[in-house]
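**Q** Following is a predicted model, sequence given first.
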Amino acid sequence: MDTRLLAFIGVAAVITITPGVDMALVARVALARGRNAAWLTSCGIVSGLLLWGVASAAGVAALLNTSATLYTILRLAGAAYLIFLGVKALLARTPAPTTPETAEAKLAPQSWVSAYGQGLLNNLLNPKIGIFYTAFLPQFIAPGQPVFLMSVSLAAIHATLGIIWLFCYAAILTKVGGLFRRPGVQRIMERITGIVLVALGLRLVTEQR
């Protein structure tokens, strides 16, 4: 196997398991709505990664890197969305006691779209992913290799690592989450997750490129 590819897999794996917005969002969905909803959110997150990978390979992400206005608009939209999710969690009413079975039973078709959409928007409204791919992926493409194809392939590898990790993470949370599904504890976890999401959104507002 190409040493560049091995190096990329290693670095991408470390980036994947590093706690951040994705894990906070999946944790909130897993504890509040169950494993399947968290898996759908994870699929949305990974879909966002793939779309940014294609955009980066096509040069769209490079446009973000040169257009300060476009970058700022996307960044502020992403920050607003994170803050919205955080405030929603902070204001949520104390839930009724749930089990993994009842949580999954409440996952109506419209909730599937909601769960998936949360993950998708979470990443599509984060222009840093596109900038990151534009700067990061070319380092692992050897001279003479097709840039577009390799860029998309590397993004797909990153997305595969992401879906494996987030699926396992969500499954573990729901498997050992009996304590967290108690109304009082669940309310505390909602508040903690809400604070984390708001803080991440505020950081996105204030940070420089």
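**A** Received it, and whenever you're ready, just let me know what you need.
**Q** Identify all contacting residues around stretch 199-209.
**A** For stretch 199-209, the surrounding residues in contact (CB atoms under 8 Å, 6 or more residues apart in numbering) are 20-21, 24, 68, 71, 75-76, 78-83, 86, 126, 131. Backbone N, C-alpha and C define where each C-beta goes, glycine included.
**Q** whoops, stretch 51-62 was the one
**A** 123-124, 127, 129-131, 133-134, 137, 147-148, 151-152, 154-156, 158-159.
**Q** In ChimeraX, select just the buried ones from those.
**A** Those of the contacts of stretch 51-62 that count as buried under 16 or more other CB atoms under 10 Å are selected in ChimeraX with:
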select :123,124,127,129,130,131,133,134,137,151,152,154,155,158,159
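**Q** residues near V26, how many?
**A** By other CB atoms under 10 Å, 26 other residues sit near V26.
**Q** Please apply the same query to the one 4 residues further on.
**A** A total of 28 residues lie near A30 under the criterion other CB under 10 Å.
**Q** Report the separation between it and G117.
**A** 16 Å (CB to CB, to the nearest Å).
**Q** go on, L204?
**A** On the measure of CB to CB, L204 and G117 end up 19 Å apart.
**Q** Show me which of the two is the more surrounded one.
**A** It is L204, of L204 and G117, that has more neighbours when counted by other CB under 10 Å, with 22 against 14.
**Q** before we move on, what SS does the more buried one have?
**A** Classification of L204 using DSSP: H, G, I helix; E, B strand; the rest coil returns helix.
**Q** same question, G144
**A** coil.
**Q** ok, it - how many residues close by?
**A** Around G144 there are 5 residues (other CB under 10 Å).
**Q** mind checking how far it is from M150?
**A** Taken as CB to CB, the span from G144 to M150 is 10 Å.
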